[in-house]
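J.: Mind folding the following:
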Amino acid sequence: MNRLAVFLAALFFSMSAFTETELKHNPWELIIYRPENSQKINEVRCWLKIEDMDGNDVTYTAARATYEWASIPNRVNNYERTYYLMGGMAMHLHNIKPGKYKFTFCTPADKQYPFPNKKRNWNSNEFIYDTNNPAKVIFVYPTVGESGFYNGGWIISAKAPEFFKFTKPAGKAVE
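T.: I've put the predicted structure just below:
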């Protein structure tokens with residue numbers, strides 16, 4: 001019995017070693033992650049806008065969205081009304097229709113509490129997402145000036161921000 005199990009295991013592994021399996025990302029799904037920052041900036045929401053290449057707003061027709069909190073992984077939540085992110089949230093876009101899209105994030109001037117500057121919207125750069133050449137994860141984070149203080153804007157990038165580091169268990173130094 002033992003020899004049969006060993007033989008079957010060896011056969012399985014040898015077959016899997018010789019088969020070519022190409023793993024591909026599903027181009028119709030994307031994760032948009034907003035890392036945690038200070039508590040006050042974490043509370044400031046930024047809202048997603050998706051436009052087709054003709055400039056039409058397709059936010060709620062081009063994709064369906066759910067979200068998770070980084071602190072409570074594997075618990076999927078549905079958006080009730082609008083697609084937004086707060087610090088520590090990951091947005092999952094599902095069933096993205098094939099094509100190219102412009103993603104932007106905005107925090108309207110009247111929704112910037114607890115920050116006192118309510119003179120202008122906080123806008124992001126445009127991020128072009130193409131289902132023919134898809135990203136798996138993109139990041140959204142607040143802009144900062146040379147002084148290190150938040151200065152009212154958002155960055156969308158396929159690269160994690162420089163300050164983003166994975167935490168290690170207590171007692172070990174962070175590199």
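
J.: Strands along this structure, start to end?
T.: 30-34, 46-52, 64-69, 72-78, 84-85, 89-94, 100-107, 122-123, 127-130, 137-144, 150-157 (DSSP state E).

J.: what lines up beside the fifth one in the sheet?
T.: Yep, that's strand 84-85 we're talking about. Using DSSP bridges, strand 84-85 pairs in its sheet with strand 46-52 (antiparallel).

J.: Can you give the contact residues for the partner strand?
T.: Here strand 46-52 makes contact (CB atoms under 8 Å, 6 or more residues apart in numbering) with 32, 34, 57-59, 62-63, 65, 82-85, 91, 99-108, 122, 124, 140, 154. From N, CA and C alone the C-beta is placed, and that goes for glycine too.

J.: For the nearest residue to residue 122 once chain neighbours are set aside, give me its contacts.
T.: Distances taken as CB to CB, 6 or more residues apart in numbering place residue 107 nearest to residue 122, at 4.1 Å, with adjacent residues excluded. Shown in contact with residue 107 (CB under 8 Å, 6+ apart): 44, 45, 46, 47, 121, 122, 154.

J.: which regions of this structure lie under the pLDDT threshold?
T.: 1-27, 116-118, 163-175 (pLDDT under 70).

J.: re the thing from before, of all the strands of the chain, which one comes closest to residue 113?
T.: strand 100-107 (10.1 Å; CB to CB).

J.: what's the angle between that closest one and strand 30-34?
T.: 20 degrees (axes from the mean of the first three to the mean of the last three CA atoms, to 10 degrees).

J.: Strand partners (parallel or antiparallel) of strand 100-107?
T.: With DSSP bridges as the test, strand 100-107 is paired with strand 46-52 (antiparallel), strand 122-123 (antiparallel), strand 127-130 (antiparallel).

J.: can you redo those as CSV with mean neighbour count and distance to residue 112?
T.: Below are the strands paired with strand 100-107 laid out as CSV (neighbours: other CB atoms under 10 Å; distance: least, CB to CB, whole Å):
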stretch, mean neighbour count, distance to residue 112
strand 46-52, 19, 10
strand 122-123, 20, 7
strand 127-130, 17, 22
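
J.: Columns distance to residue 136 on top of those, output as a markdown table?
T.: Converted to a markdown table, those look like this (distance: least, CB to CB, whole Å):
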| stretch | distance to residue 136 |
| --- | --- |
| strand 46-52 | 17 |
| strand 122-123 | 25 |
| strand 127-130 | 11 |
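
J.: Between those, which one is closest to residue 146.
T.: Nearest of the strands paired with strand 100-107 to residue 146, taken as CB to CB: strand 122-123 at 18.1 Å.

J.: Give me the residues contacting the closest one.
T.: Taking CB under 8 Å, 6+ apart as the rule, strand 122-123 contacts 44, 46, 104, 105, 106, 107, 112, 142, 152, 153, 154.
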